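Visitor: Pasting the sequence and the predicted coordinates here, then a few questions.
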Amino acid sequence: MRKIMEIKLSSISPASIGGYDTFADAIPRLTSIRGISRWWARALIGGWAYDNQYDIIDTIQKIIPRIFGGQLKRNNVEEHVSSLLDFRFESISRKSTLSQHFRIDLLFMKLNTAIRRASSRRDGKVRESLEELEKMCKFSPRIREIIYIDLKKAKDRFNRMDWSTLTRILRSIREKLLRALLMELEFKLIVYSKARVPTNSIVQYEYLGALSIVLALALGCIGKISRRGLGSFKIDILDTKLEELNDITGLVETLPSSARELIRSLRNITNEVMNYLSKQIVIKKVDSVKLPLISVITNNIVEHVPMFSIWLKENVNNVYDEIKRLFLVTQHGSLARNLKFARKGKQSIKLAWYLGLPRSVKGAGYIESAVLKKENTKEIRMLVERRASPLHVKVFKNCVMILHFVSKDWPSEIIWRGATTQKIKISDNKILMAASIVNNCLKELQYTKIYPL
């Protein structure tokens with residue numbers, strides 16, 4: 001295998017990257033890196049197809065399997081193709097000694113025990129747990145620095161028998177420790193090509209794969225709840241064998257201020273590569289479409305709404321409070337509130353679905369079953385798959401970046417189950433209306449649109 005790129009990643013926000021135990025792993029899984037790279041490759045290559053009136057689905061089905069593996073259709077026959085690129089993690093290190101402390105696992109065990117005992121109001125056992133936690137502070141100045149003040153508050157609440165506040169404080173201590181632990185992640189990602197002989201076509205696919213990985217890690221996040229800012233990493237391109245990637249190294253290091261220039265550079269390289277590959281592979285041409293079929297990176301604007309835009313808010317005191325302000329319906333002026341109570345004239349329009357449809361809902365909410373059509377008075381239904389949010393949040397130290405993708409890939413009809421059950425039809429006009437509300441709301445919340453201008 002040939003090494004084509006080496007990247008250093010450093011945590012900016014806590015990352016939930018484990019398996020069933022979300023905070024168990026210290027590094028992302030290789031499948032996560034491949035998965036997010038594949039998604040951003042679809043957005044990048046799909047953007048080229050959308051701008052040049054090629055069939056988006058046909059384009060990504062013929063290009064992406066050659067890079068990241070999958071089912072490739074040739075002459076109406078599908079065959080499985082292995083991934084051209086391979087990944088390795090090396091030189092895993094930490095920024096501090098907290099996670100290397102031999103008692104850190106024991107500390108979390110003690111904390112979980114204390115929370116369980118406080119919840120069940122077991123007086124003697126809670127006192128014992130608090131004393132054990134206090135002893136552990138003596139073994140590490142770093143641990144003491146993080147939890148000692150809150151631990152004193154917990155002892156005070158215990159003496160007052162204030163069980164609910166005590167439980168809340170102990171959970172807060174656990175959250176602070178997890179944040180401190182997960183903010184220390186730092187490692188290298190090495191990208192290899194499996195091709196022994198780098199023909200011109202192979203090099204073009206390597207370029208597309210490398211561009212997608214850089215884009216995914218620079219502007220996307222890793223792990224669970226990644227579209228809300230968890231798993232944000234700062235990346236540095238340490239080495240690359242692909243010459244044109246040297247031009248974007250400086251842009252990656254100066255994010256978020258260089259986001260517009262980075263997107264332009266990546267799109268320019270993608271256009272050159274795809275113009276070459278489109279001569280080697282037959283890709284279907286289509287008439288121009290109003291909305292892209294999937295989320296794509298494009299400059300196109302439909303009815304004054306950009307199909308892809310980047311919004312930035314700088315000098316944010318607390319990025320996590322800012323994210324709450326954006327997405328909680330109880331927050332005045334939030335995106336969720338503006339969409340939920342959207343109106344057209346005097347008529348109320350339910351648009352909260354635009355922030356994403358969950359996998360399943362218990363009780364009130366959008367449910368999975370959608371009506372497609374009627375045949376002989378019978379309703380034909382199908383399950384609506386989860387539709388993730390079109391808004392991607394990227395967190396920096398004192399900045400919040402929102403990437404907004406507008407596309408057509410929504411179910412045509414969903415059902416809202418609340419006090420009453422209501423069918424909601426989703427059309428292109430409703431998608432554009434919801435997108436316009438989001439953009440206007442971001443302006444009111446003092447976000448600046450930096451792409452496209």
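Guide: Yes, it's here.

Visitor: Helices of this protein, residue ranges please.
Guide: Counting by DSSP state H, the chain has helices at residues 30-51, 56-68, 104-119, 123-136, 141-159, 163-182, 200-219, 246-253, 259-277, 319-327, 335-340, 428-444.

Visitor: Out of the ones you listed, which gets the lowest mean score?
Guide: If the helices of the chain are sorted by mean pLDDT, helix 104-119 sits at the bottom with a mean of 71.

Visitor: Of all the helices of the chain, which one comes closest to residue 292?
Guide: Evaluated over the helices of the chain, closeness to residue 292 peaks at helix 30-51, with 4.7 Å, by C-beta to C-beta. (Glycine included, C-beta is placed from N, CA and C.)

Visitor: Quick one: residues contacting the nearest residue to residue 397 once chain neighbours are set aside.
Guide: Distances taken as C-beta to C-beta, 6 or more residues apart in numbering put residue 12 closest to residue 397, at 6.7 Å, once the chain neighbours are dropped. With C-beta atoms under 8 Å, 6 or more residues apart in numbering as the criterion, the residues that contact residue 12 are 183, 232, 233, 234, 395, 396, 397.

Visitor: ok, so what distance separates residue 12 from residue 83?
Guide: Separation of residue 12 from residue 83 (C-beta to C-beta, to the nearest Å): 28 Å.

Visitor: So for residue 289, which of the helices of the chain sits nearest?
Guide: Short answer: helix 30-51, nearest of the helices of the chain by C-beta to C-beta, at 7.5 Å.

Visitor: Dump the closest one to PDB, restricted to CA.
Guide: This file holds the C-alpha atoms of helix 30-51, laid out as PDB (Å, rounded to 0.1, in the frame of the first residue of the first chain):
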ATOM      1  CA  LEU A  30     -12.500   3.300  11.100                       C
ATOM      2  CA  THR A  31     -16.000   2.600   9.900                       C
ATOM      3  CA  SER A  32     -17.000   6.000  11.200                       C
ATOM      4  CA  ILE A  33     -14.200   7.700   9.200                       C
ATOM      5  CA  ARG A  34     -15.200   5.800   6.100                       C
ATOM      6  CA  GLY A  35     -18.900   6.500   6.600                       C
ATOM      7  CA  ILE A  36     -18.600  10.300   7.000                       C
ATOM      8  CA  SER A  37     -16.100  10.500   4.200                       C
ATOM      9  CA  ARG A  38     -18.500   8.600   1.900                       C
ATOM     10  CA  TRP A  39     -21.300  11.100   2.900                       C
ATOM     11  CA  TRP A  40     -19.200  14.100   2.100                       C
ATOM     12  CA  ALA A  41     -18.000  12.500  -1.100                       C
ATOM     13  CA  ARG A  42     -21.600  12.200  -2.200                       C
ATOM     14  CA  ALA A  43     -22.200  15.900  -1.400                       C
ATOM     15  CA  LEU A  44     -19.000  17.000  -3.300                       C
ATOM     16  CA  ILE A  45     -19.400  14.800  -6.400                       C
ATOM     17  CA  GLY A  46     -23.200  15.300  -6.400                       C
ATOM     18  CA  GLY A  47     -22.700  19.000  -6.400                       C
ATOM     19  CA  TRP A  48     -20.600  18.700  -9.600                       C
ATOM     20  CA  ALA A  49     -23.400  16.500 -11.200                       C
ATOM     21  CA  TYR A  50     -26.100  19.000 -10.200                       C
ATOM     22  CA  ASP A  51     -24.300  22.000 -11.600                       C
END
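
Visitor: Packing partners of that helix?
Guide: Identification of packing neighbours for helix 30-51 by 3 or more C-beta pairs under 8 Å, 6 or more residues apart in numbering; DSSP states H and E yields helix 56-68, strand 85-94, helix 200-219, helix 259-277.

Visitor: Same list, these, but as a markdown table with distance to residue 6 and mean neighbour count please.
Guide: Shown next, in a markdown table, are the helices and strands packed on helix 30-51 (distance: least, C-beta to C-beta, whole Å; neighbours: other C-beta atoms under 10 Å):
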| stretch | distance to residue 6 | mean neighbour count |
| --- | --- | --- |
| helix 56-68 | 18 | 21 |
| strand 85-94 | 8 | 14 |
| helix 200-219 | 11 | 22 |
| helix 259-277 | 19 | 18 |
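
Visitor: which one of the ones you listed lies closest to residue 388?
Guide: Of all the helices and strands packed on helix 30-51, helix 200-219 comes closest under C-beta to C-beta, at 14.8 Å.

Visitor: Also compute the angle for that closest one relative to helix 56-68, please.
Guide: 100 degrees (axes from the mean of the first three to the mean of the last three C-alpha atoms, to 10 degrees).

Visitor: who are the neighbours of helix 200-219, in terms of helices and strands?
Guide: For helix 200-219, the packing partners by 3+ C-beta pairs under 8 Å, 6+ apart are strand 2-11, helix 30-51, helix 56-68, strand 85-94, strand 185-193, strand 233-240, helix 246-253, helix 259-277.
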